[in-house]
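Peer 1: Sequence and predicted structure are below.
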Amino acid sequence: MGDCLHVAPGGIGLVSCLGDALCRKCYIAAVPAAMFKLFDGGRTVIQDWTPEELQANLDAGRPVFLKLWKKGCGACKLSIPAIERLVATDTHGLAFGQISVDSHPEMLEIADTEVLPAFFLFRDKTMLGQLTGFKGLKSLQDFVAQGLSRP
């Protein structure tokens, strides 16, 4: 029993739950709220960007971690705590941003993927890697480490 964050097509909501893996109140897969620290002052720690803001960050010369996401994508929402961990432990000076494909559908074509979330790593305006789907924190950490270890 307790509060759960429910990932549903309408978004994430905090509800009182019976504590089951599948909440009996609304039959939506539930994740214990204690597992999440989704927001910092009501906003996620990864910035929402437009394609122009992505370009500006690439032009600034910083290495960039980009996430493409879509409203209602459960895996996109579940990746937030892992990305928060990446931000908190970043030693590479990465600029972290995300672009909604709801607002910028052209990004799916540019990225040449339909699988979300999609993660990209850039350095010196060059894409170092692309990872599709959320496979956990370790996968994202390895993606960043391997990408930035390339000359």
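Peer 2: In hand now; what should we look at?

Peer 1: so what's Gln130 bridging to?
Peer 2: Phe120 (DSSP bridges).

Peer 1: who's in contact with Glu106?
Peer 2: Pro51 (C-beta atoms under 8 Å, 6 or more residues apart in numbering). Where C-beta positions appear, they are placed from N, C-alpha and C, glycine not excepted.

Peer 1: Please report phi then psi for it.
Peer 2: Main-chain dihedrals, Glu106, degrees, to the nearest 10: phi -60, psi -20.

Peer 1: quick one: low-confidence ranges for this protein?
Peer 2: 1-44 (pLDDT under 70).

Peer 1: Just the buried positions in the longest helix anywhere in it, please.
Peer 2: Taking DSSP state H as the criterion, the chain has its longest helix at helix 137-148. Across helix 137-148, burial judged by 16 or more other C-beta atoms under 10 Å covers Leu137, Leu140, Phe143, Val144, Gly147, Leu148.

Peer 1: now the helices for this structure?
Peer 2: Under DSSP H, the chain gives helices at 51-59, 74-78, 80-89, 106-111, 137-148.

Peer 1: can I see the domain layout of this protein?
Peer 2: 2-35, 47-148 (automatic domain parsing).

Peer 1: right, so those: which one is the most enclosed?
Peer 2: Of all the domains of the chain, domain 47-148 carries the top mean neighbour count, a mean of 16, counting by mean count of other C-beta atoms under 10 Å.

Peer 1: Off-centre distance for it?
Peer 2: 7 Å (C-alpha atoms, centre = their mean, to the nearest Å).

Peer 1: Is Leu128 in contact with Leu148, as I believe?
Peer 2: Yes. Taking C-beta atoms under 8 Å as the definition, Leu128 is a contact partner of Leu148 at 7.0 Å.

Peer 1: Between the two, which contacts overlap?
Peer 2: Leu121.

Peer 1: want to try a markdown table for the buried residues of helix 137-148, with distance to Ala56 as columns?
Peer 2: Output for the buried residues of helix 137-148, formatted as a markdown table (distance: C-beta to C-beta, whole Å):
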| residue | distance to Ala56 |
| --- | --- |
| Leu137 | 28 |
| Leu140 | 24 |
| Phe143 | 23 |
| Val144 | 21 |
| Gly147 | 21 |
| Leu148 | 21 |
